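**Student:** Coordinates for the following, if possible.
(3 chains)
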Amino acid sequence: MGGHFGAPHILIDRVDKRYATSSGPVDALRQVSLTVAAGEFCTLIGPSGCGKSTLLGMLGGLVTPDAGRVVVDGRPVDGPDPRRAATVFQDAGLFPWRTTLENIEFGLELQGVPRERRRSVATELLGPLGLRDFAGKYPRELSGGMRQRVAIGRALAIDTPIVLMDEPFGALDEQTRLLMGEWLLDIWRRTRKTVVFVTHSLQEAVALSTRVVVMTARPGRIKTVVELPLPYPRAMESAELVTLRAKLWSEIREESLRAMGEA
Amino acid sequence: MTVALIRIVIAAVALGAWEVVGRLGNPLLYVPPSAVLPALGRLLTLQSYPDLGENLLLTLREIAIAYALAIAAGIGVGAALGLNRLVGRAYGPILAALYAVPAVVWYPSLMLFFGLDAVSKIAFGFLLGFFPIALAVLAGIRQVNPQLVTVARAFGARSVTVFRKVMLPAMLFTLVGGLRTGLALTVIGVIVGEVLGSKAGMGSLINHAYGLFRTADYVALVVVTLVLIIASDAVAGAVEHRARRWTS
Amino acid sequence: MDELSIRVRLLQLTSVAVLLAAWEAIARAGWLDPLFVPAPSAVAGALLTVGATALAGLGDTLAKTAVAYVISVVLGVGGGLVLGSLRPVRQAVNPFVIALYGMPKILVLPWIVLLLGFGTLPAIVYGAIHGVFPILVLVTGAVRDVDATLLTVARAFGARRRQLYWKVVLPAIVPTVLTGMRLGIVFCLLGVLIVEMFAGVRGMGHVLGSLANGFRAPELFAATALVSAASIIIVLSLDALNDRLSHWRGDAR
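**Tutor:** A predicted model of the protein is given here:
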């Protein structure tokens, strides 16, 4: 899909973000600019504390930049907007008093969608989410992978053009993580949403993304952007992929070493 | 810094409002803070109540006896319930249910049985202090890691040794909490008993001052009793702090 | 029911039966002064004679307790929502709340009675003073500690301020509110009974006090058993309600 011209879907224009901490101010992001085209699977990767999550928060309208601007479809982002973007959080963030179905319905409920309507939307999602037998279960009764799928279902239910994912599989074990990746890819290819995905995992980035954005250690800046114009599903052993992964790894390694040196 | 300032302002405003209301209101009902200090002076110099010392001592003695009994019975009953599964499951819920009864309903029976003297106050203070201690011992024993007990047994420790060397340290955290709550409730029990019906003790003096509309003396007595209560809790708090630092 | 549960029930029943039988036997043998410790059979008999008076007193007490309780819950939950949500207010006021919670209310009892006289009003006020603080303190803590992630999630999905409260804060604090309400009812009842004993003209506390003053031990024991049973039933039903409304927490208790 590399061939989109005209106004970018998502435009991040020279944003800065600085946080006040007990040990003085910390520059989370400095002069970050990035565009994302519609339908892309764009992954942000970089060492811990490089501001990936902050950047994602800005796209979701949860974090306000100190300088610069974030524009989606020509409109500046100035707060959360459930018609624009849905977010999947790192530790699922499910409401423990709601069942699977009720959690998925959450966004629709806030928008005042009538009960039967939102129930049918959520029920339809259960199949692709692989949660058909768990509709009435509470989060504590679900495994980590299931909980994360409920969180993704909650984001998909409000049917936004953009889905923001903040290390959605970070807390899962390796096997579950691989399967969830395959599953997500399948969903993404069917819905053609724009996905901005934050991860620590090189493997995940290479397997899923159309483009990988490598960020520098604090203060977060964009170090390099790697295009991955490869068909899906991707064979991890293909020469092309191995080369790309090696290239990405050398970029990230350098930054991670710097981050470790500072810590 | 600013928070502390705001708190001081709130306290000052409350005292000021009390002063204003106290001066404007019926002197039989309201005592401004400025009138409390002289009353406190008269009380402490034994002018208003020459027998303050004996009464204070009596209340302290009632508390001490009631608390000692509550500790002994609380630890005994709690241990019996905690160490035997069947006994614990049978009597634990009964104990918890009785704890849900507002204890003051037992007081008239205690008064009838033990009379108006110190014994009924000791009995009531004991009753209030007993429950939190027994329940804390029970909870403490239940939270001891059974693996530790198994290890100690494997090393040949006998039951008494296991209790002293393994269970007591492991449950100390919960136990000292229960002991502190137990002391607070014992103190309250003794004073409630004295206020509701007695011939001597701090509660009886409070009741006396109230009955004669000596409201300033009443407030002064309340202040002295409050100091007694806060001091006892501070001692218990310090002990609790020490014990907890040692365990963790 | 497994074997242990059966044995537990059996032990409970036999213990109570043995206790009552022994008590009865000792009383009949004349080892106990019936003036102070009547036999269980005498207590049971007294239940018939004192029943009407005691039930009327209990009804009166429970009515006052109910009013005090509603006041406690409304003020406790409302105040807890305010203190829990507004950090500056909480920081300024909390030490005073804790001090008032910890202060033995018995010390202000004579003053409350001086101020409000004998009768219903001081009982309600004193009951509410007892009930409001545990609820207030627990709800404040629960609102303060609502999982920040859940609030962020709700904001990300476009929740407005009112929706944050209705959809996140209130459901999240339900178990704590119920715990507070369970504590609060016992405290309210305690406060009401104390006022009735100290300066009552009606109500269960007054009934118990007069029976004790009249040395009517069998009636006193019967009335005490009645009010104890009533409070145990109230607390157990609140426990059952708590279990039903907090089932999403699993076996957290």
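**Student:** All the helices of the chain, residue numbers only.
**Tutor:** Here I'm looking at chain A. For chain A, the helices defined by DSSP state H cover A:52-60, A:100-110, A:115-129, A:144-157, A:174-191, A:202-208, A:239-262.
**Student:** um, chain C though
**Tutor:** Ranges of helices in chain C, per DSSP H, are C:3-28, C:40-85, C:87-102, C:109-116, C:120-144, C:148-156, C:161-163, C:170-199, C:203-213, C:217-245.
**Student:** sorry, back to before: can you tell which of the helices of chain A is closest to chain C?
**Tutor:** Closest of the helices of chain A to chain C is helix A:100-110, at 4.3 Å (criterion: C-beta to the nearest C-beta). Heads up, the C-betas are built off the backbone N, CA and C, glycines and all.
**Student:** re earlier: redo the helices of chain C as TSV? Include mean neighbour count and distance to A:Q175.
**Tutor:** Shown next, in TSV, are these (neighbours: other C-beta atoms under 10 Å in any protein chain shown; distance: least, C-beta to C-beta, whole Å):
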stretch	mean neighbour count	distance to A:Q175
helix C:3-28	13	40
helix C:40-85	19	42
helix C:87-102	14	43
helix C:109-116	19	66
helix C:120-144	24	38
helix C:148-156	19	26
helix C:161-163	10	38
helix C:170-199	24	33
helix C:203-213	25	65
helix C:217-245	19	37
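**Student:** Can I get the helices of chain A in a markdown table including mean pLDDT?
**Tutor:** As requested, the helices of chain A are exported to a markdown table (pLDDT from 0 to 100):
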| stretch | mean pLDDT |
| --- | --- |
| helix A:52-60 | 91 |
| helix A:100-110 | 93 |
| helix A:115-129 | 91 |
| helix A:144-157 | 92 |
| helix A:174-191 | 87 |
| helix A:202-208 | 88 |
| helix A:239-262 | 83 |
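**Student:** B:T186: which of the helices of chain C is closest?
**Tutor:** Of all those, the one in closest proximity to B:T186, counting by C-beta to C-beta, is helix C:87-102 (15.0 Å).
**Student:** distance between that closest one and the chain's centre?
**Tutor:** Offset of helix C:87-102 from its chain centre (C-alpha atoms, centre = their mean, to the nearest Å): 23 Å.
**Student:** same thing with stretch A:9-29?
**Tutor:** Relative to its parent chain, stretch A:9-29 has a centroid offset of 18 Å by C-alpha atoms, centre = their mean.
**Student:** Mind listing residues that contact that stretch?
**Tutor:** Here stretch A:9-29 makes contact (C-beta atoms under 8 Å, 6 or more residues apart in numbering or on different chains) with A:30-38, A:40, A:49, A:51, A:54-55, A:58-59, A:63, A:65-73, A:161-162, A:194, A:196, A:218-221.
**Student:** Now that we have those, which of them are buried?
**Tutor:** Buried subset of the contacts of stretch A:9-29 (neighbour count, 16 or more other C-beta atoms under 10 Å in any protein chain shown): A:30, A:32, A:34-37, A:40, A:49, A:51, A:54-55, A:58-59, A:63, A:65, A:68, A:70-72, A:161-162, A:194, A:196, A:218-221.
**Student:** show me where chain B has helices.
**Tutor:** Taking DSSP H as the criterion, chain B carries its helices at B:2-24, B:33-44, B:52-83, B:85-99, B:107-114, B:118-142, B:146-154, B:159-161, B:168-196, B:202-211, B:215-247.
**Student:** Quick one, which of those gets closest to chain A.
**Tutor:** For the helices of chain B, the distance to chain A is smallest for helix B:2-24, at 17.2 Å, taking C-beta to the nearest C-beta.
**Student:** Return the angle between stretch directions for the closest one and helix B:215-247.
**Tutor:** On the basis of axes from the mean of the first three to the mean of the last three C-alpha atoms, to 10 degrees, helix B:2-24 is oriented at 160 degrees to helix B:215-247.
**Student:** just checking, what packs against helix B:2-24?
**Tutor:** Judged by 3 or more C-beta pairs under 8 Å, 6 or more residues apart in numbering or on different chains; DSSP states H and E, helix B:2-24 is in contact with helix B:33-44, helix C:87-102.
**Student:** Buried residues of the first one, list them for me.
**Tutor:** Read that as helix B:33-44. With burial defined by 16+ other C-beta under 10 Å, the residues of helix B:33-44 counted as buried are B:35-36, B:39-40, B:43.
**Student:** What residues does the stretch 151-263 of chain A have near chain C?
**Tutor:** Residues of the stretch 151-263 of chain A lying close to chain C by C-beta under 8 Å from any C-beta of the partner chain are A:154, A:158.
**Student:** ok so, going back, nearest to A:E102 among the buried residues of helix B:33-44?
**Tutor:** Nearest to A:E102, judged by C-beta to C-beta, of the buried residues of helix B:33-44 is B:V36 at 57.3 Å.
**Student:** Check the spatially closest residue to that closest one that is not a sequence neighbour and give its pLDDT.
**Tutor:** In space, and not counting its chain neighbours, B:V36 is closest to B:V219: 5.1 Å by C-beta to C-beta, 6 or more residues apart in numbering or on different chains. B:V219 is assigned 87 on the pLDDT scale.
**Student:** Quick check, B:V219 in contact with B:A39.
**Tutor:** Yes. Between B:V219 and B:A39 there is a contact at 6.6 Å, judged by C-beta atoms under 8 Å.
**Student:** tell me the centre residue of chain B?
**Tutor:** Using C-alpha atoms, centre = their mean, the residue of chain B that lies closest to the mean C-alpha position is B:A184, 1.9 Å off.
**Student:** Please report how far that one lies from C:R182.
**Tutor:** Separation of B:A184 from C:R182 (C-beta to C-beta, to the nearest Å): 20 Å.
**Student:** Need the CA coordinates for stretch A:140-157. PDB is fine.
**Tutor:** Only the C-alpha atoms of stretch A:140-157 are listed here, as PDB (Å, rounded to 0.1, in the frame of the first residue of the first chain):
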ATOM      1  CA  ARG A 140     -10.700 -12.900  36.400                       C
ATOM      2  CA  GLU A 141     -12.000 -16.100  34.800                       C
ATOM      3  CA  LEU A 142     -10.100 -15.500  31.500                       C
ATOM      4  CA  SER A 143      -6.500 -16.200  30.600                       C
ATOM      5  CA  GLY A 144      -4.100 -13.400  29.800                       C
ATOM      6  CA  GLY A 145      -4.500 -13.900  26.000                       C
ATOM      7  CA  MET A 146      -8.300 -13.900  26.200                       C
ATOM      8  CA  ARG A 147      -8.300 -10.800  28.300                       C
ATOM      9  CA  GLN A 148      -6.200  -9.100  25.600                       C
ATOM     10  CA  ARG A 149      -8.600 -10.300  22.900                       C
ATOM     11  CA  VAL A 150     -11.500  -8.800  24.900                       C
ATOM     12  CA  ALA A 151      -9.600  -5.500  25.000                       C
ATOM     13  CA  ILE A 152      -9.100  -5.700  21.300                       C
ATOM     14  CA  GLY A 153     -12.800  -6.500  20.800                       C
ATOM     15  CA  ARG A 154     -13.700  -3.500  22.900                       C
ATOM     16  CA  ALA A 155     -11.600  -1.300  20.500                       C
ATOM     17  CA  LEU A 156     -13.000  -3.000  17.400                       C
ATOM     18  CA  ALA A 157     -16.600  -2.600  18.500                       C
END
